[in-house]
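Student: Return a 3D structure for these sequence lines:
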Amino acid sequence: MDSKIISFIFFFIIPLNLCATEFQGSFKQGSFILGKTNPKSKVYIDKTKVRITKDGYFVFGIGRDRKNNIVIKIINDGKTNIIEKKVFKKKYLIQRIDGLPPKQVTPPKEVYDRIKADNILIGNARSIDSDLTFFKEKFKVPLKDSIVTGVYGSQRILNGKPRRPHYGLDFASDEGTPIMAMLDGVVTLAEDDLYFTGGTVIFDHGHGISTLYMHLKDVDVKMGQKVKQGERIGTVGKTGRSTGPHLDIRLNWFNVKLDPASVLKLN
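Tutor: A predicted model of the protein is given here:
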């Protein structure tokens with residue numbers, strides 16, 4: 001075939017590939033979704049514009065109770081591509097936890113201001129929209145030789161009283177067991193004693209993705225510190241609202257609470 005014809009065909013194939021959009025993750029309630037498209041594109045998730053990396057990656061999440069489809073709009077070179085994805089429902093467990101101190105189930109009025117201040121700290125850390133790109137990498141389990149005792153989305157009955165669903169993943173382990181960072185990140189919260197979550201650490205991984213570690217005995221990192229995946233960040237404890245030593249981890253896309261199991265390979 002004539003070389004000019006080959007060049008002509010190649011010229012028109014490349015733009016088609018560049019416009020393709022790919023997704024990693026399951027479109028189920030609670031899921032973390034990693035997308036990739038032409039780096040020059042603009043990406044909107046349900047009318048909200050999201051960041052895109054220099055190599056075309058973007059990220060978003062699906063809430064626990066989301067029922068309607070997700071609409072993804074990709075704009076490139078004046079052309080708009082609308083992608084609508086069906087969100088599949090998950091079945092959630094009911095988890096009963098007894099033996100909690102009454103003040104942990106229904107806090108006394110004198111600690112309301114403290115709880116409010118704690119929530120502001122956590123909310124501010126989760127709202128960060130940085131250009132970090134660590135979220136593109138694979139997450140790793142934060143503990144060795146632990147047992148999963150609580151899962152995302154389960155309806156919690158505390159001392160016989162219905163409460164908000166559990167939005168994390170619980171790992172039972174011995175007090176003092178080292179906790180490792182699940183992913184590279186920057187510390188945006190490091191507190192020794194929050195009312196509900198006790199020793200608490202939050203990492204920013206970029207583009208609104210954050211991870212939270214709760215009930216720590218020891219907090220071994222500081223605000224603003226850059227931490228590599230697998231580095232020790234603290235130890236397992238039973239601080240805050242806890243009946244025994246365990247680690248509770250959370251995964252967020254801004255204020256959307258996601259299932260950590262959607263990014264972790266659990267045995």
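
Student: what ranges do the helices span in the stretch 101-250 of the chain?
Tutor: 102-105, 112-126 (DSSP state H, counting those that start in this stretch).

Student: CSV for those, including distance to Ile75, mean neighbour count and mean pLDDT?
Tutor: Any C-beta I mention is one placed from the backbone N, CA and C, and that applies to glycine too. Below are the helices of the stretch 101-250 of the chain laid out as CSV (distance: least, C-beta to C-beta, whole Å; neighbours: other C-beta atoms under 10 Å; pLDDT from 0 to 100):
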stretch, distance to Ile75, mean neighbour count, mean pLDDT
helix 102-105, 48, 13, 70
helix 112-126, 27, 14, 96
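
Student: mind putting those in JSON lines, distance to Thr80 included?
Tutor: Listed next are those as JSON lines, based on distance: least, C-beta to C-beta, whole Å:
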{"stretch": "helix 102-105", "distance to Thr80": "50"}
{"stretch": "helix 112-126", "distance to Thr80": "30"}
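
Student: For Thr53, which of these is the nearest?
Tutor: Thr53 sits nearest to helix 112-126 of all these, at 20.4 Å, using C-beta to C-beta.

Student: any idea whether the most centrally placed residue in the chain is helix, strand or coil?
Tutor: When the chain is reduced to its mean C-alpha position, the closest residue under C-alpha atoms, centre = their mean turns out to be Leu251, at 2.3 Å. Following DSSP: H, G, I helix; E, B strand; the rest coil, the label given to Leu251 is strand.

Student: In contact with Gly30, which residues?
Tutor: For Gly30, the contacting residues are Gly61, Ile62, Gly63, Arg64, Lys90, Tyr152, Gly153, Lys257, Leu258, Asp259, Ser262, by C-beta atoms under 8 Å, 6 or more residues apart in numbering.

Student: Now do the contacts for the first one.
Tutor: By C-beta under 8 Å, 6+ apart, the residues touching Gly61 are Gly30, Ser31, Phe32, Ile33, Leu251, Asn252, Trp253, Val256, Leu258.

Student: Who does it form a beta bridge with?
Tutor: Using DSSP bridges, the bridge partners assigned to Gly61 are Phe32.

Student: what separates it from Gly208, distance-wise?
Tutor: Here Gly61 is placed at a distance of 8 Å from Gly208 (C-beta to C-beta, to the nearest Å).

Student: Let me know which of the helices of the stretch 101-250 of the chain is the nearest to Glu84.
Tutor: Per C-beta to C-beta, nearest to Glu84 of these: helix 112-126, 27.2 Å.
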